[in-house]
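Q: Provide a 3D model corresponding to the input given below.
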Amino acid sequence: MKHLAAHAPLAMLLCTVAGFLLPNVAETLLPLLPAILFFLMLFTLLGIEPRPLLRALASAAVWRFALWHVGILCLLLSGGFFLLGIRGDLLLAIAGIGATAPLFASGAMVRTVGHDALPAMAQTIAATLLMPWLLLIVFYASGSGASLNLHAYTQKLLLYIAAPIVLAALLRRYLPPATLARVYPQIAQYNILLVLTFPFALSGAFRRLYDAQGFIHALELLAIALVIAVGGFFLTWLGYRRFGANVAVPAAITAGGRNVLLTLSIAGGYLGDQFLALAGAMQLPMFALPFLARLLFAPPPLRD
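A: As a prediction, this is how the structure comes out:
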């Protein structure tokens, strides 16, 4: 398991390919992904020391990143594709992905290129807390808000965002520290298996679109996904490079990833027919970002 965790970026890429090649198997996992996401968020938060995380979340810089990620980048991406002539469900899917918070695996991805994971986790949590409000703006700006069931939407927010945050806080508060220190490492080593289910299962939806609508449309979606992921990566790096590589590179990796499963779980029914396929197309470019960062930027030495 430690060997798998050490090669997590490569394993994620291989899982995207496997999901595309085995769509029937991938589809059997798809209905289980929301429950897997809940436990991944819970286990990830349970393993983070709350005081340093709260100090990071109290930083204005973290919230500026969150607004950049789910707000400004969403506007830039949606506006750019609108000017290119994209309309309808595909533009709605692009806007929905643009308003989506970073992957909860962002900290792990940042760590693989030699940077501190804590800022990435703080940025991810802040963006996740802002995301529901930006999605509401997307719904109403697109006209789909007329059919939005706010009661069901709020229930899903509480289940998939609020519940793991609150439950992790309660467990850390009331479990004896010795018990947590003994039990958590045994649980955490299997987190990588939870992460790997996402690129595998979601890539199956992209394969279904490929089978149904052909190579050209699938290639178009893959190109859009590449622009979203790599475009977010480079725009963020350009905006943050004045702060140095230790800030810019982790921020770029975090901004390039999108927790599309979270958006699918809380709002997928309101984001049109293209959203799931585009979410599947996002898997390959998103999980290739650590390799891109390694190729372009020399990692700093790890601190003990």
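
Q: mean confidence for the one helix or strand residue 133 maps to?
A: Assessed by DSSP states H and E, residue 133 sits inside helix 118-142. Averaged across helix 118-142, pLDDT comes to 87.

Q: now do the buried residues in that helix.
A: Neighbour counts using 16 or more other CB atoms under 10 Å place 118-132, 134-139, 142 of helix 118-142 among the buried residues. The way it works is simple: take the backbone N, C-alpha and C, and place the C-beta from them, glycine included.

Q: before we move on, what about stretch 163-183?
A: 164, 168, 172.

Q: JSON lines please, covering those and showing pLDDT and secondary structure.
A: Shown next, in JSON lines, are the buried residues of stretch 163-183 (pLDDT from 0 to 100; DSSP: H, G, I helix; E, B strand; the rest coil):
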{"residue": "164", "pLDDT": "87", "secondary structure": "helix"}
{"residue": "168", "pLDDT": "87", "secondary structure": "helix"}
{"residue": "172", "pLDDT": "86", "secondary structure": "helix"}
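
Q: and which of these is nearest to residue 205?
A: residue 164 (24.2 Å; CB to CB).

Q: find the nearest non-adjacent residue to residue 159, please.
A: Nearest residue to residue 159, sequence neighbours excluded (CB to CB, 6 or more residues apart in numbering): residue 38, at 7.3 Å.

Q: if you could redo that for residue 294, that was the one I meant.
A: residue 113 (5.6 Å).

Q: sorry, back to before: packing partners for the helix holding residue 133?
A: Contacts defined by 3 or more CB pairs under 8 Å, 6 or more residues apart in numbering; DSSP states H and E place helix 118-142 against helix 50-57, helix 60-67, helix 88-98, helix 106-112, helix 245-256, helix 260-267.

Q: switch the cut-off to 6 Å
A: helix 50-57, helix 60-67, helix 88-98, helix 106-112, helix 245-256 (3 or more CB pairs under 6 Å, 6 or more residues apart in numbering; DSSP states H and E).

Q: any idea of the mean pLDDT in the fourth one?
A: Taken as a whole, helix 106-112 carries a mean pLDDT of 80.

Q: buried stuff in that helix?
A: For helix 106-112, by 16+ other CB under 10 Å, it's 106, 107, 108, 109, 110, 111, 112.

Q: run the chain-centre distance for that helix.
A: Helix 106-112 has its C-alpha centroid displaced from the chain centroid by 12 Å (CA atoms, centre = their mean, to the nearest Å).

Q: which residues touch it?
A: With CB atoms under 6 Å, 6 or more residues apart in numbering as the test, helix 106-112 has contacts from 9, 117, 120, 121, 124, 250, 253, 254, 257, 290.

Q: before we move on, what about the third one?
A: By CB under 6 Å, 6+ apart, the residues outside helix 88-98 that reach it are 73-74, 77-78, 81, 138, 142, 258, 263, 271-275, 278.

Q: between it and helix 260-267, how many degrees?
A: Calculated by axes from the mean of the first three to the mean of the last three CA atoms, to 10 degrees, helix 88-98 forms an angle of 110 degrees with helix 260-267.

Q: what comes up buried for helix 88-98?
A: Using 16+ other CB under 10 Å as the test for burial, helix 88-98 gives 89, 90, 91, 92, 93, 94, 95, 96, 97, 98.

Q: tell me the mean pLDDT over stretch 282-291?
A: Stretch 282-291 comes out at a mean pLDDT of 90.

Q: can you give me the end-to-end span of it?
A: 16 Å (CA to CA, to the nearest Å).

Q: buried sites along it?
A: Neighbour count says stretch 282-291 has 282, 283, 284, 285, 286, 287, 288, 289, 290 buried, by 16+ other CB under 10 Å.
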